[in-house]
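Visitor: Got a sequence here, can you build the structure:
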Amino acid sequence: MATIASVISSFLDVEITGVKRYYDAPPLSISTAEMPFVFIRNPKVTSGTGLTFGTTLPNYINLSFEYVIYIEQGRQSTQKDKLDLALSFLQRVATAFSVNSSSLFIDDFSSEVLYETHGDSVGLIINTTVTCSFGL
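Guide: Predicted coordinates for the structure are as follows:
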């Protein structure tokens, strides 16, 4: 039987080519030597009836969270190279999640390229919102 913790943990086991480190929680500090890295944040659970593969089933947990790849800190005059790098990571995430959608209980995912502040730095990230459903 799946649990919230085991489902989230299973996403950290999915290998994305080029990722150097997988954090169990959002890091408090960022080391450029560990970029790109992955972490999960903002898990949200709703219970009751869930939608899984187009069928409404009772006693299911609906879990959503953000799967984040922090690619690297942004720098001036490298925007085109960084966008190309981000798009390659976007493709890798889409492929990995599509191929593993059944084993990861994925109902839906949506990825986007963002610049995000962390302290006094701006980082280039892939932010993927994932929705999963699984039985109690």
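Visitor: quick one: buried residues of the helix or strand encompassing Ser133?
Guide: Element membership for Ser133 (DSSP states H and E) is strand 121-135. By 16 or more other Cβ atoms under 10 Å, the buried positions in strand 121-135 come out as 123-128, 130-134. (C-beta placed from N, C-alpha, C; glycine too.)
Visitor: do the same with stretch 110-122
Guide: Neighbour counts using 16+ other Cβ under 10 Å place 111, 113 of stretch 110-122 among the buried residues.
Visitor: May I have the strand holding Ser133 exported as CSV, CA atoms only?
Guide: Output in CSV follows, covering the C-alpha atoms of strand 121-135 (Å, rounded to 0.1, in the frame of the first residue of the first chain):
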residue,chain,number,x,y,z
SER,A,121,20.4,35.3,-6.0
VAL,A,122,18.2,34.5,-8.9
GLY,A,123,18.0,30.9,-10.0
LEU,A,124,16.8,29.2,-13.1
ILE,A,125,14.4,26.4,-12.2
ILE,A,126,12.0,23.9,-13.7
ASN,A,127,8.9,23.8,-11.6
THR,A,128,6.6,20.8,-12.1
THR,A,129,3.3,20.6,-10.4
VAL,A,130,2.4,17.0,-10.0
THR,A,131,-1.0,15.5,-9.1
CYS,A,132,-1.2,11.8,-8.0
SER,A,133,-4.0,9.6,-6.7
PHE,A,134,-3.6,6.4,-4.8
GLY,A,135,-5.6,4.0,-2.6
